[in-house]
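**Q** Okay, predicted coordinates and the sequence, questions at the end:
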Amino acid sequence: MNNARLLIVEDDPDISNMLRIYFGSQGYQADVAQRGKDALEKTRAVMPHLIVLDIMLPDIDGYEVCRNLRTNTRTSHIPVIFLTQKDERSDRLQGLELGADDYITKPFDIEELKLRVQNAIARSERESLTDPQSGLPSGRLIEDYLRKIIRKGGWSFLDIQIKNFEVFKDVYGFIAANDILRFTGKLLGEVVDAQNRSDDFVGHAGGSNFVVITSEEAAQTIQRKLKVRFNEESASHYNFMDREQGFILAPGANGETHKEPLMTLAMGVVSPSSHEFSDIREITELAADERRKDSNV
């Protein structure tokens, strides 16, 4: 996938810089962390599509980093490739038991690593595990999480859509539109984390649609803060004139231009305290109905 985000966790600066430069030349957005705790912080801040993870790190080892990623709802889907000098069978098995997707030993062939990275990202997208733009869980992972909670209580499902996204895309182009999707995914994570909800589920259902699954108590606060911050921070994605006038001029079918509002968020919220659900489709359909009502406000 072009422009995929990689996080390279490697404490040897020669290796980490070489990998960052190499994958950058291949069209990837490559970031580097030299410590395990830094890797976890960077993953929470900007979701990578894949992590290349050294085992021997100066603080916590790669096994502990992988264990943390796999036990956290927000990061459990991210493909991990272990990169290490350890080549004992027991070391490989330990990494794979923790949920690593692949394992390659030093010294390594850079072309082989590139192919393993490409295959892991392609497999994740093919199985509808992650959205190619935001890197957030999508498709099957959203459905699996809904099946896990449907018989439980105390949760809320937020259906979130970027209103006027398609108009923005038509006027500003697909690159700017992809930036909006990545910005929105990051914003959702920041707002959820600010409520000390690091284990809540944040997903990208496709297009300009996102989901958050949180507690009933936190849902209203998250909904309010998302709308406020999106309205404030999405403005930077417009040019000065459009920001000042509060609308954009979009071309119509007959060649004339017409005014279109700036982007906002529309949300629908449902929970088991007000509805009984027998199927996950009922959750998503009812939330979509509530979101459409919000779109018309």
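**A** Okay, I see it.

**Q** ok, which stretches of the stretch 51-200 of the chain are strands?
**A** 80-84, 102-105, 155-163 (DSSP state E, counting those that start in this stretch).

**Q** quick one: low-confidence ranges for the stretch 151-297 of the chain?
**A** Residue ranges of the stretch 151-297 of the chain with pLDDT under 70: 297.

**Q** Please repeat the previous calculation with a cut-off of 90.
**A** Low-confidence regions of the stretch 151-297 of the chain, defined by pLDDT under 90, span residues 193-199, 250-258, 274-276, 295-297.

**Q** residues in contact with the residue most central in space within the chain?
**A** By Cα atoms, centre = their mean, the mean C-alpha position of the chain lies nearest to residue 136, the distance being 2.6 Å. Applying Cβ atoms under 8 Å, 6 or more residues apart in numbering to residue 136 gives the contacts 47, 130, 185, 188, 202-204, 210. In short, each C-beta sits where N, CA and C put it, glycine included.

**Q** Contacts only, for residue 26.
**A** residue 114.

**Q** domains for the protein, by residue range?
**A** 5-126, 139-295 (automatic domain parsing).

**Q** now, which of the contacts of residue 136 lie within helices?
**A** Among the contacts of residue 136, DSSP state H puts 185, 188 in helices.

**Q** got a markdown table for the contacts of residue 136, with neighbour count and distance to residue 229 too?
**A** Shown next, in a markdown table, are these (neighbours: other Cβ atoms under 10 Å; distance: Cβ to Cβ, whole Å):
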| residue | neighbour count | distance to residue 229 |
| --- | --- | --- |
| 47 | 25 | 18 |
| 130 | 26 | 24 |
| 185 | 21 | 13 |
| 188 | 26 | 10 |
| 202 | 26 | 14 |
| 203 | 27 | 19 |
| 204 | 28 | 18 |
| 210 | 28 | 14 |
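
**Q** now, the most widely separated pair of the contacts of residue 136?
**A** Pairwise distances across those peak at 14.6 Å for 130 and 188 (criterion: Cβ to Cβ).

**Q** quick revisit: for the residue nearest to the centre of the chain, which non-adjacent residue is spatially closest?
**A** For residue 136, ignoring the flanking residues on the chain, the nearest one in space by Cβ to Cβ, 6 or more residues apart in numbering is residue 204 at 4.0 Å.

**Q** who does that neighbour bridge with?
**A** residue 210 (DSSP bridges).

**Q** which residues touch it?
**A** Residue 204 neighbours (Cβ under 8 Å, 6+ apart): 131, 133-134, 136-138, 181, 185, 210-211.

**Q** Now list the buried members of these.
**A** 131, 133-134, 136-138, 181, 185, 210-211 (16 or more other Cβ atoms under 10 Å).

**Q** Quick check: of the contacts of residue 204, which lies closest to residue 154?
**A** residue 211 (17.1 Å).

**Q** Setting aside sequence neighbours, what's the nearest residue to that closest one?
**A** residue 203 (4.6 Å).

**Q** which residues touch that neighbour?
**A** 136-138, 141-142, 145, 210-213.

**Q** So which of the residues you listed is the closest to residue 242?
**A** residue 210 (23.4 Å).

**Q** Pull out the buried positions in the host helix or strand of residue 42.
**A** Element membership of residue 42, judged by DSSP states H and E, is helix 36-45. Going by neighbour count (16+ other Cβ under 10 Å), the buried part of helix 36-45 is 36, 38-40, 42-43.

**Q** Stretch 232-240 now?
**A** In stretch 232-240, counting by 16+ other Cβ under 10 Å, buried: 234, 237-238.

**Q** got those as JSON lines, with secondary structure columns?
**A** Below are the buried residues of stretch 232-240 laid out as JSON lines (DSSP: H, G, I helix; E, B strand; the rest coil):
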{"residue": "234", "secondary structure": "helix"}
{"residue": "237", "secondary structure": "helix"}
{"residue": "238", "secondary structure": "coil"}
